[in-house]
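# quick one: sequence and predicted model below, then my questions.
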Amino acid sequence: MSATTEDTELVHAPTAHTEGHHTSTGVSNEKMGMWAFLGSECLLFGGLISTFLLLRGKGVVRGPQVKDLYDIPFTSVSSFVLLMSSLTMVLALSAVQRGLHRRARVWLLATALFGLVFVSGQVYEFTTFYKEGLGFSTNLQSSAFYVLTGFHGVHVTIGILMLISLFFMSLRGNLPTEKSETVEIIGLYWHFVDVVWILIFTVVYLIQ
Amino acid sequence: MSAAAAPTTAHEETVHGAGHAHPGDGKYVQIAIILGVITAAEVATYYVDLGVALIPILMVMMVVKFGIVAGFFMHLKFDTPLFRRLFVAGIVLAVAVYLAFLASMQYFGNDTTSEINRHSLGVPTTELT
């Protein structure tokens, strides 16, 4: 990526948060709250992944097994798309911190678009599985699979809504460089959703 | 950290927070390429028979990807250790709790018909696959 005129004009602007935070811990309360939330989310997804592991390959008295329906090339592409959305997210944050608001909006929109592609892929996968005879209550492992991947999909969808909100905030001029921490906090959530998928992709799809 | 330490080009590091430097855009792109290569390697294992080495190899690649995203994209490598402790505490707690949970359900044993299946399905053990 080459530096543009916009870069050279605005890159000298002071970055946000260089003065530190006046809190008892010396760090932003909002950011610490998000990290605490993400720590608790580890327990949520840990429980869902463990349940899937426990029920995988067991108790299939009717219907197909989930692993027989996986389309690994398709899921690999959607995993790659989600991974790249983390790149666009961090580039959006970097742009906001440097005062490059137009560029930040492009990256925010790209991140939301990548997320939308991922969720669409998940909807397609669920539809295909259902047509193959694997409903939510077909067997224990299908329930565990849909709950785990469905919960992740809901998280991605919430992330998309937050990204779109950020885009419109920026468009209305409500997202100045001084408020770049808002983008950083939502970015943390988005990256977390990405790392959870890194786990799910390996444990659920690749290790059979 | 003074404003004088602000970047002079778009590709240099951004000074942020309590004086911690974040990587520049070029570095982020390099990291994304590394992540893409690891993902490609993960997918390749699906088509190659690696035998008993498959699971350890996949787990290592998964942990490396997790670490890279958390360390660089989530800035854990550069931010205050307090955030790292909060996140790691959640991970450690989750791993400990669910390893105990899986062990109690005989996940790691040879018994292929755990208690949960026997009770929830209400079918004879021999019918379970």
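Perfect, I can see it now. Only a predicted model underlies this, so the values are computations on that prediction, with no experimental measurement involved.

# so where's chain B uncertain?
B:1-21, B:109-129 (pLDDT under 70).

# for it, what spans make up the helices?
Secondary structure of chain B by DSSP state H: the helices cover B:25-44, B:54-68, B:81-104, B:115-121.

# turn those into CSV, including mean neighbour count and distance to A:Arg62.
In short, each C-beta sits where N, CA and C put it, glycine included. Below are the helices of chain B laid out as CSV (neighbours: other CB atoms under 10 Å in any protein chain shown; distance: least, CB to CB, whole Å):
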stretch, mean neighbour count, distance to A:Arg62
helix B:25-44, 16, 31
helix B:54-68, 16, 29
helix B:81-104, 15, 25
helix B:115-121, 14, 10
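
# for the ones you listed, which one sits closest to chain A?
Closest of the helices of chain B to chain A is helix B:81-104, at 2.7 Å (criterion: CB to the nearest CB).

# contacts for that closest one?
With CB atoms under 8 Å, 6 or more residues apart in numbering or on different chains as the test, helix B:81-104 has contacts from A:25, A:27, A:31-32, A:35-36, A:38-43, A:45-47, A:49-50, A:53-54, B:70, B:76, B:108.

# are any of these buried, and which?
Neighbour counting with 16 or more other CB atoms under 10 Å in any protein chain shown marks A:27, A:31-32, A:35, A:38-39, A:41-42, A:45-46, A:49-50, A:53-54, B:70, B:76 as buried within those.

# how many other residues sit next to A:Gln122?
18 (other CB atoms under 10 Å in any protein chain shown).

# before we move on, which element is it in?
Counting by DSSP states H and E, the element that carries A:Gln122 is helix A:101-131.

# roughly how far is that helix from the heart of the chain?
10 Å (CA atoms, centre = their mean, to the nearest Å).

# buried residues, the helix or strand following that helix. List them.
Next along the chain after helix A:101-131, taking DSSP H and E as the criterion, comes helix A:140-171. Neighbour-count burial for helix A:140-171, counted by 16+ other CB under 10 Å, picks out A:140-146, A:148-149, A:152-153, A:155-157, A:159-160, A:162-164, A:166-167, A:169-170.

# give me the contacts around stretch A:104-111.
A:85, A:88-89, A:91-93, A:95-96, A:163, A:166-167, A:170-171, A:175, A:183, A:190.

# low-confidence stretches in chain A?
Scanning chain A for pLDDT under 70 picks out the ranges A:1-21, A:57, A:59-61.

# one more time with 50
Counting by pLDDT under 50, chain A has low-confidence residues at A:1-19.

# closest residue of it to chain B?
When scored by CB to the nearest CB, chain A has A:Gly39 as its residue closest to chain B, at 2.7 Å.

# could you identify the most distant pair in the contacts of stretch A:104-111?
A:Ser85 and A:Leu171 (20.1 Å; CB to CB).

# near chain B, from the buried residues of helix A:140-171?
The subset of these lying close to chain B, counting by CB under 8 Å from any CB of the partner chain, consists of A:Leu140.

# what about A:Val27, which SS state?
Under DSSP: H, G, I helix; E, B strand; the rest coil, A:Val27 falls in the coil class.

# where's A:Ala92, which helix or strand?
With DSSP H and E as criterion, A:Ala92 is part of helix A:72-97.

# that helix near chain B at all?
Yes. Interface with chain B: helix A:72-97 contributes A:72-73, A:76, A:79-80, A:83-84, A:86-87, A:89-91, A:94, A:97 (CB under 8 Å from any CB).

# related to what we said a few turns ago, show me which residues of the helix holding A:Gln122 are buried.
A:101, A:103-112, A:114-119, A:121-122, A:125-126, A:129.

# same thing with stretch A:196-208?
A:196-207.

# next: stretch A:54-71.
A:54-56, A:58-60, A:65-66, A:69-70.

# return the closest of those with respect to B:Val52.
Nearest to B:Val52 among these: A:Arg56, at 18.8 Å, using CB to CB.

# find the nearest non-adjacent residue to the closest one, please.
A:Gln141 (5.3 Å; CB to CB, 6 or more residues apart in numbering or on different chains).

# that neighbour and A:Leu69 touch, don't they?
No. Applying CB atoms under 8 Å as the test, A:Gln141 and A:Leu69 come out as separate, 11.2 Å apart.

# determine which two of the buried residues of stretch A:54-71 are furthest apart.
Maximum distance among the buried residues of stretch A:54-71 (CB to CB): 19.7 Å, for A:Leu54 and A:Leu69.

# I figured B:Met61 hits B:Glu42, correct?
Yes. Using CB under 8 Å, B:Met61 makes contact with B:Glu42 at a distance of 5.3 Å.

# any shared contact partners between these two?
Among the neighbours of B:Met61, those also in contact with B:Glu42 (CB under 8 Å, 6+ apart) are A:Thr202.

# mind putting the buried residues of stretch A:54-71 into a markdown table with distance to B:Tyr98?
Output for the buried residues of stretch A:54-71, formatted as a markdown table (distance: CB to CB, whole Å):
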| residue | distance to B:Tyr98 |
| --- | --- |
| A:Leu54 | 10 |
| A:Leu55 | 14 |
| A:Arg56 | 14 |
| A:Lys58 | 17 |
| A:Gly59 | 19 |
| A:Val60 | 22 |
| A:Gln65 | 23 |
| A:Val66 | 20 |
| A:Leu69 | 26 |
| A:Tyr70 | 23 |
